[in-house]
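Asker: Sequence plus predicted model, see below.
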Amino acid sequence: MAIKWTIDELKNRSVHERANVYKNACRLGHTPEGAALKRLIEEAGLPFSEDGCLTMDDPIRIKMDEIINSPEGRQAAFDAAKGGLPAMAGIDPLLQIALGSDYGAHNMGTATAGGLVGELMQSSGYRNIGQKALPKGCVAKTATLWR
């Protein structure tokens, strides 16, 4: 591994380019350089993911499902809906806290979370009544209104 990476060089890469660098670092994780690069990427807290959306067995998606369907997540979604906001307005802050930079549009995380919230709301007897912008501070931009 001839390239010595810096945080600034990693910041200037797209999430997908960082995913490739990370994958290469993992392949060379048995070497001191590979292990150091892997650690640098993980500790930098910069998002990195492969092209496309989260798969069903992706740890990020599994964690989203756990948060959304937890008692706290369910209550946050229902409270938001009762307050005239998309249920996602209650969930988004929980996902930000739990997932940090792994939650975002770069890996279709916001869309995945919206789908999981939709499943929760439909299975709880709510019905879709339209779309609405989410409050400032949410990572997701718009979401479904439920009644």
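Answerer: Perfect, thanks for sending it.
Asker: From the contact counts, what lies against the helix or strand harbouring residue 39?
Answerer: Using DSSP states H and E, residue 39 maps to helix 32-44. If you count contacts as 3 or more Cβ pairs under 8 Å, 6 or more residues apart in numbering; DSSP states H and E, helix 32-44 packs onto helix 7-11, helix 15-27. The C-beta positions use only the backbone N, C-alpha and C, and glycine is treated the same way.
Asker: Show me which positions of it end up buried.
Answerer: Neighbour counts over helix 32-44 (16 or more other Cβ atoms under 10 Å) mark 34, 36, 37, 38, 40, 41, 44 as buried.
Asker: In TSV, list the residues you listed along with distance to residue 129.
Answerer: Formatted as TSV, those follow (distance: Cβ to Cβ, whole Å):
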residue	distance to residue 129
34	52
36	52
37	49
38	46
40	47
41	42
44	42
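Asker: Let me see the contact set for residue 63.
Answerer: 98, 99 (Cβ atoms under 8 Å, 6 or more residues apart in numbering).
Asker: in the strand or helix carrying it, what counts as buried?
Answerer: Per DSSP H and E, residue 63 falls inside helix 59-68. Within helix 59-68, the residues that qualify as buried are 60, 61, 64, 65, 67, 68, counting by 16+ other Cβ under 10 Å.
Asker: ditto for stretch 87-107
Answerer: Across stretch 87-107, burial judged by 16+ other Cβ under 10 Å covers 87-92, 94-96, 98-99, 101-104, 106-107.
Asker: pLDDT on stretch 92-102, on average?
Answerer: Averaged over stretch 92-102, pLDDT sits at 92.
Asker: How far away from the center of its chain is that stretch?
Answerer: Mean-position distance between stretch 92-102 and its chain equals 7 Å (Cα atoms, centre = their mean, to the nearest Å).
Asker: what does it rub up against?
Answerer: For stretch 92-102, contacts defined as Cβ under 8 Å, 6+ apart pick out 45-47, 49, 60, 63-64, 67, 72-73, 76, 103, 109, 113, 134, 137-140.
Asker: Also stretch 125-137?
Answerer: 81, 85-89, 92-93, 118, 121-122, 140-147.
Asker: Keep only those of those that are in helices.
Answerer: 81, 88, 89, 92, 93, 118, 121, 122 (DSSP state H).
Asker: I am finished for the moment; much appreciated.
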